[in-house]
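*Asks:* below: sequence and its predicted model.
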Amino acid sequence: MLYQWRPDVLSSLYEYSRFVYALRDRFSAVRSSDLVLIPMGPTIGTLRGTLRFDNDITLRVLEQIDFDARAIQHYSYTVSQRGEKLYWYDPQPHPDDSSPASTFPHHKHIPPDIKHNRVPAPGIRSDQPNLPLLIEEIERELL
């Protein structure tokens, strides 16, 4: 089931906190979470921590959110199993690589040669929460 997010989720530290801290209630696949949303100023917050799933799968999260702009300014999402990186998402531009151009700057690093093998990241965006999409991907493909 696709999670339906509310447009105001990225409007304030309070609203995003409510969203983040309710993930375990919304997604039964999430076994534990140590996500922490840290205020970095009146309109900026940093989300960091790990969501844990069965089969020793983890999703490490780092986001910087600008609540005035209602946007995720930077992020890194890394999925691992038993400590081995399976794939990760980031928005770091790679001007020499046109393969993920359709979702620029968002892309996914996948094996083999995970550091250099990049593919488009449909659904990953800066103007909406990405965590539901990532959790649903883990449920669908890894659990």
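*Replies:* Happy to help now that I have it. Residues are numbered from 1 along each chain as shown.

*Asks:* tell me which other helices or strands the strand or helix carrying residue 49 touches.
*Replies:* Element membership for residue 49, per DSSP states H and E: strand 44-53. If you count contacts as 3 or more C-beta pairs under 8 Å, 6 or more residues apart in numbering; DSSP states H and E, strand 44-53 packs onto helix 13-21, strand 32-33, strand 36-39, strand 57-66, helix 131-141. Every C-beta, even on glycine, is put in place using the N, C-alpha and C of the backbone.

*Asks:* next, the angle from that strand to helix 131-141.
*Replies:* Angle of strand 44-53 versus helix 131-141, following axes from the mean of the first three to the mean of the last three C-alpha atoms, to 10 degrees, is 20 degrees.

*Asks:* re earlier: so can I have CSV of the helices and strands packed on strand 44-53 showing distance to residue 51?
*Replies:* Shown next, in CSV, are the helices and strands packed on strand 44-53 (distance: least, C-beta to C-beta, whole Å):
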stretch, distance to residue 51
helix 13-21, 10
strand 32-33, 5
strand 36-39, 12
strand 57-66, 4
helix 131-141, 7
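
*Asks:* run a quick neighbour tally on residue 126.
*Replies:* The number of residues packed near residue 126 is 19, by other C-beta atoms under 10 Å.

*Asks:* isn't it right up against residue 70?
*Replies:* No - counting by C-beta atoms under 8 Å, residue 126 does not reach residue 70; the two are 9.4 Å apart.

*Asks:* could I get the helices and strands packed on strand 44-53 as CSV with mean pLDDT and distance to residue 82?
*Replies:* Listed next are those as CSV, based on pLDDT from 0 to 100; distance: least, C-beta to C-beta, whole Å:
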stretch, mean pLDDT, distance to residue 82
helix 13-21, 92, 25
strand 32-33, 96, 16
strand 36-39, 96, 24
strand 57-66, 97, 9
helix 131-141, 95, 14
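
*Asks:* so which of those gets nearest residue 111?
*Replies:* Taking C-beta to C-beta, helix 131-141 is the member of the helices and strands packed on strand 44-53 nearest to residue 111, at 13.4 Å.

*Asks:* buried sites along the closest one?
*Replies:* 131, 132, 133, 134, 135, 136, 137, 138 (16 or more other C-beta atoms under 10 Å).

*Asks:* which residues are contacting that helix?
*Replies:* Outside helix 131-141, the residues that touch it by C-beta atoms under 8 Å, 6 or more residues apart in numbering are 2-3, 5, 20, 23, 26-27, 29-30, 51, 53, 57, 59, 61, 77, 79, 89, 123-124.
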